[in-house]
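[1] Show me the folded form of this:
(chains A and B)
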Amino acid sequence: MVSKRFVLKRLLLLVPVLFGVATFVFAILQLAPGDPARVIVGQRASADQVAQVRSELGLDDPILVQYGRFLVDAVQFDFGDSYQISKGTPVREVLADRLPVTIELALYGQAIGILLGVPLGVLSAVKQDTLTDHATRIGALTGLSVPIYWSGPLLILLFATYLGLFPTSGRIGSTTFLPDHWTLLGVELPLTGMVTVDTLLLGDLGAWFSAVHHLFLPAVTIGVYSMALISRMMRSSMLEVVRQDYMRTARAKGQGAKITVMKHGFRNALIPVVTVIGIQFGSLLGGAVLTETVFGIGGIGTMLVAAIGATDYPLVQGAVLTFALLFTLVNLGVDITYSYLDPRIQQ
Amino acid sequence: MRAARTADRLRPRVRLVGGALLVGTGLGLLGGGAVAALLSVRVVRTVFAVGALALGFGLLGWSGSIMAGRGIETMHRYMDTGSNWTEASSRRAMARVGAAGAGVMLGSGLVDAVLLG
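    Numbering: from 1, shown residues only, chains lettered A, B, ... in the order given. Here you go, the predicted model:
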């Protein structure tokens, strides 16, 4: 049972994290070259027009006032309207449209990482110093060393261009169109924005297959790094656990090797791995920016890259804060799981 | 008794953060004033932004150390990447960086407010 006090303490930690990220983003954008007012009115606008927009945006106010106003808006998750990418649309709406795409990609990447990384790590530890172990370790090292911007195009080249097994980009087949709602017992409900979930909700298995088919390569690209790290951690942790006295006692009492490893070793070996899963979710989000760009998926990552290029400051602020919020919430979930696996941590 | 124990526990933390905040404020006032006098009043905002960068970095590092410090220590241990990095030392260093940044923001913000009105 996870104590309320523990969860509350972890929730309170979200405040300095988000405050820190907001301050960081404010500073970066203050230091970035270019005038937001000039970006809004365009290069051909007169100095008077620029001055008027500066005054409307409050850019002439003392910096402490601007900072305070920014923090108040950030708390309400109100970053105003997009300057360039979705001109005039509130940032909140743009993010709400794009967020499910990124979350879906990150979740599938994480799932691939965990589902492959954990068994590979256990296998590698149980078969220490055999061919299987060496192959797994080399695979993990390669996965950790290869950057996404290289592995992504390589996978596209092999599986999409040469073998023609998967599409090169997009989220779903170009002939498939999804409505913007689904019906449950006669009630119209909005869709989630995650194509693999939405197609299931709509009961369209053909579209679901197309969505999974499109998502496979990007999810593998992003999941390989995660898998490599998890399998390495799992191996080291498992090796430490299998040498413990309680494991030897269980074997001495006649318990089979597989049952001993799975019943007594696995849960204990999983504890350090769980913490790493939370930490590397940050790299997964960073990886999503690159993966989305490589595979042409319209999530927050692609939008962030475009927003930086177009000096669309409100979108950049919103996207960075959203990433920070996601990261901290995932770590909160990981902490709760961790405290369930090892109740001593709550002390 | 309990209050005294709490005070004993808080004193070094307040001293650490307060000292860095004071140093930062001094730097912000001096740096902001010098920049305003030598270059332009608007450039004071760059000093403020540098302070904000330090505060943001410090806050993120501090809370990140608390949230993920244990995980990072474990990772170092299991990945055989020998390191003297500890959660506690990181927390202290980040508190100092953040407080100094907040001080710079305060100092340069005051200069900006006084000079720009």
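
[2] packing partners for the one helix or strand residue A:250 maps to?
    In this assignment (DSSP states H and E), residue A:250 forms part of helix A:245-252. Helix A:245-252 sits against helix A:257-260, with contacts defined as 3 or more C-beta pairs under 8 Å, 6 or more residues apart in numbering or on different chains; DSSP states H and E. (C-beta placed from N, C-alpha, C; glycine too.)

[3] same question for the helix it packs on, mean pLDDT?
    Mean pLDDT, helix A:257-260: 85.

[4] mind listing what's buried in the helix or strand that it is followed by?
    Next helix or strand after helix A:257-260 toward the C-terminus (DSSP H and E): helix A:266-279. Buried residues in helix A:266-279, counting neighbours by 16 or more other C-beta atoms under 10 Å in any protein chain shown, are found at A:268, A:269, A:270, A:271, A:272, A:273, A:274, A:275, A:276, A:277, A:278, A:279.

[5] Tell me who's in contact with the third one.
    Right, the one you point to is residue A:270. Contacts for residue A:270 (C-beta atoms under 8 Å, 6 or more residues apart in numbering or on different chains) come out as A:118, A:234, A:237, A:341.

[6] what about residue A:134, distance to residue A:128?
    10 Å (C-beta to C-beta, to the nearest Å).

[7] what's the pLDDT at whichever residue of the stretch 101-250 of chain A sits closest to chain B?
    Minimum separation of the stretch 101-250 of chain A from chain B (C-beta to the nearest C-beta) falls at residue A:236, amounting to 3.9 Å. Predicted confidence (pLDDT) for residue A:236: 88.

[8] in what helix or strand does it lie?
    Secondary structure (DSSP H and E) places residue A:236 in helix A:205-242.

[9] how far does that helix sit from the chain's center?
    With C-alpha atoms, centre = their mean, to the nearest Å as the basis, helix A:205-242 stands 13 Å off its chain's centre.

[10] Would you indicate which residues of that helix are buried?
    For helix A:205-242, by 16+ other C-beta under 10 Å, it's A:207-208, A:210-211, A:214-242.

[11] Same check on stretch A:15-29?
    So, applying 16+ other C-beta under 10 Å, buried residues of stretch A:15-29: A:16-29.

[12] Show me the contact partners of that stretch.
    A:67, A:70-71, A:74, A:313, A:316-317, A:320-321, A:324-325, A:328, B:49-53, B:55-60, B:62-64, B:67, B:98.

[13] switch the cut-off to 6 Å
    A:70, A:74, A:313, A:317, A:320-321, A:324, A:328, B:49, B:52-53, B:55-56, B:59-60, B:63 (C-beta atoms under 6 Å, 6 or more residues apart in numbering or on different chains).

[14] nearest to residue B:74, of those residues?
    Nearest to residue B:74 out of the contacts of stretch A:15-29 is residue B:63 (C-beta to C-beta; 18.4 Å).

[15] Next to chain B, which bits of chain A? Give me the list.
    Contact residues (C-beta under 6 Å from any C-beta of the partner chain) of chain A with chain B: A:13, A:16-17, A:19-20, A:23-24, A:26-27, A:30-31, A:62-64, A:233, A:236-237, A:272, A:275-276, A:279, A:331.

[16] Can I get stretch B:8-15 in CSV? Just the C-alpha atoms.
    Extracted as CSV, the C-alpha positions of stretch B:8-15 are listed here (Å, rounded to 0.1, in the frame of the first residue of the first chain):
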residue,chain,number,x,y,z
ASP,B,8,19.2,23.3,13.8
ARG,B,9,18.2,21.4,10.7
LEU,B,10,17.1,24.5,8.8
ARG,B,11,20.0,26.8,9.8
PRO,B,12,22.6,25.4,7.3
ARG,B,13,20.1,25.3,4.5
VAL,B,14,19.0,28.9,5.1
ARG,B,15,22.7,30.0,5.3
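
[17] roughly how far apart are residue B:76 and residue A:12?
    27 Å.

[18] do residue A:328 as well
    11 Å.

[19] Between the two, tell me which one has more neighbours.
    residue A:328 (24 against 10; other C-beta atoms under 10 Å in any protein chain shown).

[20] now stretch A:322-329, how far from the centre of its chain.
    That offset, for stretch A:322-329, works out to 9 Å (C-alpha atoms, centre = their mean).

[21] Please point out which parts of the strand or helix carrying residue A:64 sit buried.
    Assigned by DSSP H and E, residue A:64 falls within helix A:63-75. By neighbour count with 16+ other C-beta under 10 Å, helix A:63-75 contains the buried residues A:63, A:64, A:66, A:67, A:70, A:74.

[22] Any chance you could list what contacts that helix?
    Against helix A:63-75 from outside (C-beta under 6 Å, 6+ apart): A:22, A:26, B:45, B:48, B:109, B:112, B:113.

[23] Could you find the closest non-adjacent residue to the third one?
    Spatial nearest neighbour of residue B:45, chain neighbours left out: residue A:63 (4.9 Å); criterion: C-beta to C-beta, 6 or more residues apart in numbering or on different chains.
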